[in-house]
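Enquirer: Just a sequence and a predicted model for now, questions to come.
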Amino acid sequence: MGTVMGITAVSDATIRRLLADPPLVWKLLAPDDPEPYEEARGDSSVADGDEEVDLGEGEGDHLYLDKSWHGIHYLLTGTAWEGIPPLNLLVGGGEPIGDIEVGQGPARALTAQQVAEASRALAALSDESIRSRFDPPAMLEARIYPEIWGRPPADDDTLGYLMEHLGQLRRYLSRQASAGMGVVMSLS
């Protein structure tokens, strides 16, 4: 077990709805489990417990980044928790969906425009430039999760692991940008 990141494609209309009524984020993240939604809703009478998040065409496409999210953030920004948009998207991008705890803090939403900007920024970076940023001692010192960066490459190709997931992220964001989709990201 550990802290993993999931990203789900949604329309800007769905993002507006989630931002206006944050407990609904659970209807997106755990549609088959009513308990987290009911706990988040609490005594609120903003909406009844039968409310659903009906996803439209193109919504719901999901990417699982596993534990690579923090290492990818480091490769993109050179920092543990900071960075300049849009390359800081994984730890600082988007807008928190209220203060609803979904595992490790609130989920965050990136609009279609932010997804398109992030996709263009990632496409502009060569694999070689990203690989050159891999610095295991600095990553360990900065406590980049999951702190596996000192393993011998012959035993565990940690850079390969990050580059594989970064490639998946690039393709996913490009696909969502082409479809005019935003995303909701969560750590759990």
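Expert: Received the coordinates, thanks.
Enquirer: Could the C-alpha coordinates of stretch 95-105 be exported in CSV?
Expert: Only the C-alpha atoms of stretch 95-105 are listed here, as CSV (Å, rounded to 0.1, in the frame of the first residue of the first chain):
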residue,chain,number,x,y,z
GLU,A,95,-8.3,24.1,-7.7
PRO,A,96,-9.0,22.0,-4.6
ILE,A,97,-12.6,20.6,-4.6
GLY,A,98,-13.6,22.1,-1.2
ASP,A,99,-12.0,20.6,1.8
ILE,A,100,-13.3,17.1,1.4
GLU,A,101,-10.6,14.7,2.4
VAL,A,102,-10.4,12.0,-0.3
GLY,A,103,-7.3,10.2,1.0
GLN,A,104,-4.4,12.6,1.1
GLY,A,105,-6.1,16.0,1.1
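Enquirer: got the contact list for the helix or strand of the chain with the lowest mean pLDDT?
Expert: Sorting the helices and strands of the chain by mean pLDDT, DSSP states H and E puts helix 34-41 at the bottom, at a mean of 92. Here helix 34-41 makes contact (CB atoms under 8 Å, 6 or more residues apart in numbering) with Pro22, Pro23, Leu24, Val25, Trp26, Lys27, Leu29, Ala30, Ala47, Gly49, Ile100, Val102. Where you see a C-beta, it was placed from the backbone N, CA and C, and this is true even at glycine.
Enquirer: Between these, which sits nearest Ile7?
Expert: Distances from Ile7 to the contacts of helix 34-41, taken as CB to CB, are shortest for Leu29 (11.1 Å).
Enquirer: give me the number of residues near Ile97?
Expert: When neighbours are defined as other CB atoms under 10 Å, Ile97 has 25 of them.
Enquirer: Derive a PyMOL selection command for the buried subset of the contacts of helix 34-41.
Expert: Restricted to buried positions by 16 or more other CB atoms under 10 Å, the PyMOL selection for those reads:
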select buried, resi 22+23+24+25+26+27+29+100+102
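Enquirer: got TSV for the contacts of helix 34-41, with secondary structure, pLDDT and distance to Leu55 too?
Expert: Putting the contacts of helix 34-41 into TSV (DSSP: H, G, I helix; E, B strand; the rest coil; pLDDT from 0 to 100; distance: CB to CB, whole Å) gives the following:
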residue	secondary structure	pLDDT	distance to Leu55
Pro22	helix	97	17
Pro23	helix	96	17
Leu24	helix	96	12
Val25	helix	97	13
Trp26	helix	96	14
Lys27	helix	95	10
Leu29	helix	95	12
Ala30	coil	94	14
Ala47	coil	51	17
Gly49	coil	50	19
Ile100	coil	95	19
Val102	coil	96	18
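Enquirer: quick one: which of the contacts of helix 34-41 is nearest to Ala9?
Expert: Nearest member of those to Ala9, counting by CB to CB, is Leu29, at 13.2 Å.
Enquirer: isn't Leu169 right next to Leu122, touching?
Expert: Yes: assessed by CB atoms under 8 Å, Leu169 is found in contact with Leu122 at 7.0 Å.
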